[in-house]
Structures are given as structure tokens and as C-alpha cells.
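Enquirer: Any chance you can model this:
(2 chains)
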Amino acid sequence: EAQVTQNPRYLITVTGKKLTVTCSQNMNHEYMSWYRQDPGLGLRQIYYSMNVEVTDKGDVPEGYKVSRKEKRNFPLILESPSPNQTSLYFCASSFGTGGNSPLHFGNGTRLTVT
Amino acid sequence: ELKVEQNPLFLSMQEGKNYTIYCNYSTTSDRLYWYRQDPGKSLESLFVLLSNGAVKQEGRLMASLDTKARLSTLHITAAVHDLSATYFCAGITNTDKLIFGTGTRLQVFP
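Expert: Next up is the predicted model:
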């Protein structure tokens, strides 16, 4: 089944403890992206990647890192999480942003930083 | 900088009625996307509008794009309860960044 898989679905952590949220897609998509969703703010892009070893900042990249060593994986790293990073995170992928290529979203990761 | 605004933010409508959700964007966007999100769920793609005058329909939903007015609409015909969800529109910048609106939460009641 074609899908974007995020793990974990729920994560509670403490301030400053490094964490990684994994994202994997099995559709051979070039484009992958991370978003955070907060009430009243919609979805905001954190980072995106057009292909392997190509990443770029979105609108809210501060406090986050990403890597794209393989086409299928795009982990989101929080080196020193803070409470303002408590949010719902979505990974998404597509064949590219050109043409008729909507994003496929993962099921989300709800992160709480205390 | 591309900004995307949706209105209304909340919409409570009776089954069988028609309504339109509006999506305005501030600068040029090559494409306009519509997504649906059910409570506690992920986002599902509804429509991709690629050019001025594009119109797409799926069931009771119809989306259109007017690039000159920088406006997209999502029209709901004869609403049913199953359409209750949050609807997002999104534009794309010339550097391939997707910018989402804040969403329209639709509730359809009997």
C-alpha cells in the first residue's frame, strides 16, 4: 500500500532531550516536507527536500534539523526541544511540486514538550 | 511573500444547503490545492487547480481558480453530514514552498 509512515504517533518528552521523528515513504517521491499544525495557525512548513541531499528551510525552521540521505526517508530532528515546539507534526511527500502532484500526508506525530 | 487567507474560519450549515468557502492569496501562485482533514486525522488531497479558470468537481464539492483575482472557491452543493471536516487551501511560492490557509471548519447538521 502506498503510504507515508511517521513514527512515533505520540511523544511526550522533556525540555532539552534530543529526539527524532522518522518519516518514510514507499512511493519513490522526490519531494518530502515537514509541517507543524497549531490551532488557529493552520499548517506551517518547517523544512522541505526536493531530492536526496537537497534540503531547504520552510517558514518555521528554527529549532529543527532534517536530513535526506536516502530518497525514502526524511527524519525530523529536535536537538534541544522546548515547550513551544509542542505541536502536531506531519510529514508529506509528492512526485514534485510541478504538475498535478498533490502531497501525500503521514498520520501525524503529536509531540508534547514539558 | 505569499499569504493565503480563507473565510469563513467556521461554518455551520444545515444538510441540503449550498455554501462556498473562499481562499484569497496575496501574490502569484502557479497552483492552488485543496485538502480535507477529519478530526484527529491526516490531510487528504481533494483538488489541484493548475491554471486560471480551472474547475474541478468531485461529488458535492466543486473547486475553481481565478488567478487574476487571486481567488479560489470551494463550493458545497446540498451538504451532507459526511462533509463535516476542516478544509484547507494552499498556494505555492516560486521557490516551491507550500503555504496553507488557516482552514475552514465545516459542520453540517441535520
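
Enquirer: For B:E44, see how far away whichever residue of chain A sits closest to chain B is.
Expert: Scanning chain A for proximity to chain B using Cβ to the nearest Cβ identifies A:P102 as nearest, at 3.6 Å. Using the backbone N, CA and C atoms, a C-beta is placed for each residue, glycine as well. Distance from A:P102 to B:E44, counting by Cβ to Cβ, to the nearest Å: 9 Å.

Enquirer: more crowded one of the two?
Expert: Per other Cβ atoms under 10 Å in any protein chain shown, whichever of A:P102 and B:E44 has more neighbours is A:P102, with 20 against 15.

Enquirer: Touching both of A:P102 and B:E44, which residues are there?
Expert: B:Y35 (Cβ atoms under 8 Å, 6 or more residues apart in numbering or on different chains).

Enquirer: per-residue confidence at residue 55?
Expert: Unless you meant another one, I'm taking chain A. According to the prediction, A:T55 has pLDDT 94.

Enquirer: not quite, I wanted chain B
Expert: Here, the pLDDT recorded for B:V55 equals 93.

Enquirer: Touching, it and B:A63? I think so.
Expert: Yes. The criterion here is Cβ atoms under 8 Å, and B:V55 meets it with B:A63 at 7.2 Å.

Enquirer: So which of these two has more stuff around it?
Expert: Each of B:V55 and B:A63 has its neighbours counted (other Cβ under 10 Å); B:A63 has more, 24 against 12.

Enquirer: Show me what secondary structure element comes after the helix or strand harbouring that one.
Expert: Using DSSP states H and E, B:A63 sits in strand B:61-66. Later in the chain than strand B:61-66, the nearest helix or strand by DSSP H and E is strand B:71-76.

Enquirer: residues making contact with that next one?
Expert: Contacts of strand B:71-76 with the rest of the structure, by Cβ under 8 Å, 6+ apart, involve B:13, B:18-25, B:32, B:34, B:46-47, B:49, B:60-66, B:83, B:87, B:89, B:106.

Enquirer: Which PyMOL command selects the buried ones in the residues you listed?
Expert: Listed next is the PyMOL selection for buried residues among those, using 16 or more other Cβ atoms under 10 Å in any protein chain shown:
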select buried, chain B and resi 13+19+21+23+24+25+32+34+46+47+49+61+62+63+64+65+83+87+89+106
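
Enquirer: Determine the three-state secondary structure at A:Q6.
Expert: strand (DSSP: H, G, I helix; E, B strand; the rest coil).

Enquirer: Actually, A:Q45.
Expert: From three-state DSSP, the assignment for A:Q45 is strand.

Enquirer: Looking from chain A, tell me which residue of chain B is nearest.
Expert: Counting by Cβ to the nearest Cβ, chain B gets nearest chain A through B:S45, at 3.6 Å.
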